[in-house]
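J.: Sequence first, predicted coordinates after that:
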Amino acid sequence: MRILFLLLLSPGFLLAQTKKPVDRKKSTITYSMNHLLHAWDGTSADLNGAVQLKADGSIEKVAIVSKVSAFDSKSSNRDAHLLEVVEALKFPNISFYSTSITAGKDGSLDVKGVLQFHGVNKETTFKATTKNMNGTTQVTGNFIFLLEDFKIERPSFMLKPVDNEVKVKFEVFY
């Protein structure tokens, strides 16, 4: 009985947390890549994830995952080649989980976390923005990663490799 009483008085117990699933119908992640001859985007609308909220409604943690095969660049040949290059059969997912989120008063977020891709875990930081709309929250942001950081050999076209830099933008609703 004393243990239950102490548990009820502990500060961690008083701080209620809520987990909300990512809205799979609205949320997207898009990558952008460049080659000397052209640029393209690939988008995944097949996201799984959850957002953990603090008692005050601010974001405490987030975890998002997408299958690499879910990204569509509007070119089946390019998408098939991408799946080969990133070894999608061996490493089928790309994911992110936060380690720290600091909210600003203006809806801005400073996010730190780990991007998991191609069997590599890489710490990353970026800024995001939250916006509340009729009971739904939208989080948008972008960041850049390098293919070499994830041990991915840059594919070539016409003897020229694609740029090392991959730009990522996201729009997540919960």
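T.: Right, received. Where do you want to start?

J.: did I read that right, Asp79 in a helix?
T.: Yes - the assignment for Asp79 (DSSP: H, G, I helix; E, B strand; the rest coil) places it in a helix.

J.: the strands in the protein, which residues?
T.: Secondary structure of the chain (DSSP state E): strands located at 18-21, 28-34, 39-44, 47-53, 59-67, 93-103, 108-117, 120-133, 136-146, 156-157, 160-161, 165-173.

J.: can you tell which of the ones you listed is closest to Ser73?
T.: Nearest to Ser73, of all these, is strand 39-44, at 3.8 Å by Cβ to Cβ. Glycine gets a C-beta too; all of them are placed from N, C-alpha and C.

J.: pull the CA atoms of the closest one into CSV?
T.: These are the backbone C-alpha positions of strand 39-44, laid out as CSV (Å, rounded to 0.1, in the frame of the first residue of the first chain):
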residue,chain,number,x,y,z
ALA,A,39,16.7,16.7,-60.7
TRP,A,40,13.8,14.7,-59.3
ASP,A,41,11.7,14.1,-56.2
GLY,A,42,10.4,10.9,-54.7
THR,A,43,7.5,10.9,-52.2
SER,A,44,6.3,8.3,-49.7
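
J.: That strand: which residues count as buried?
T.: Buried residues in strand 39-44, counted by 16 or more other Cβ atoms under 10 Å: 42-44.

J.: Report the angle between it and strand 28-34.
T.: Angle, strand 39-44 to strand 28-34, by axes from the mean of the first three to the mean of the last three Cα atoms, to 10 degrees: 160 degrees.

J.: Quick one: list the elements packing against strand 39-44.
T.: Under the contact criterion of 3 or more Cβ pairs under 8 Å, 6 or more residues apart in numbering; DSSP states H and E, strand 39-44 touches strand 28-34, helix 76-85.

J.: quick check, distance from that strand to the centre of its chain.
T.: With Cα atoms, centre = their mean, to the nearest Å as the basis, strand 39-44 stands 15 Å off its chain's centre.

J.: cool, stretch 69-78 as well?
T.: On Cα atoms, centre = their mean, the centre of stretch 69-78 falls 19 Å from the chain's centre.

J.: In CSV, could you pull the C-alpha coordinates for that stretch?
T.: Backbone C-alpha positions of stretch 69-78 (Å, rounded to 0.1, in the frame of the first residue of the first chain) are rendered in CSV as follows:
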residue,chain,number,x,y,z
SER,A,69,9.9,0.8,-51.6
ALA,A,70,7.1,3.2,-50.9
PHE,A,71,8.9,6.2,-52.4
ASP,A,72,7.6,7.1,-55.9
SER,A,73,9.6,9.4,-58.2
LYS,A,74,7.2,9.0,-61.1
SER,A,75,9.8,6.8,-62.9
SER,A,76,9.6,3.1,-62.4
ASN,A,77,13.1,2.5,-63.8
ARG,A,78,14.6,5.1,-61.4
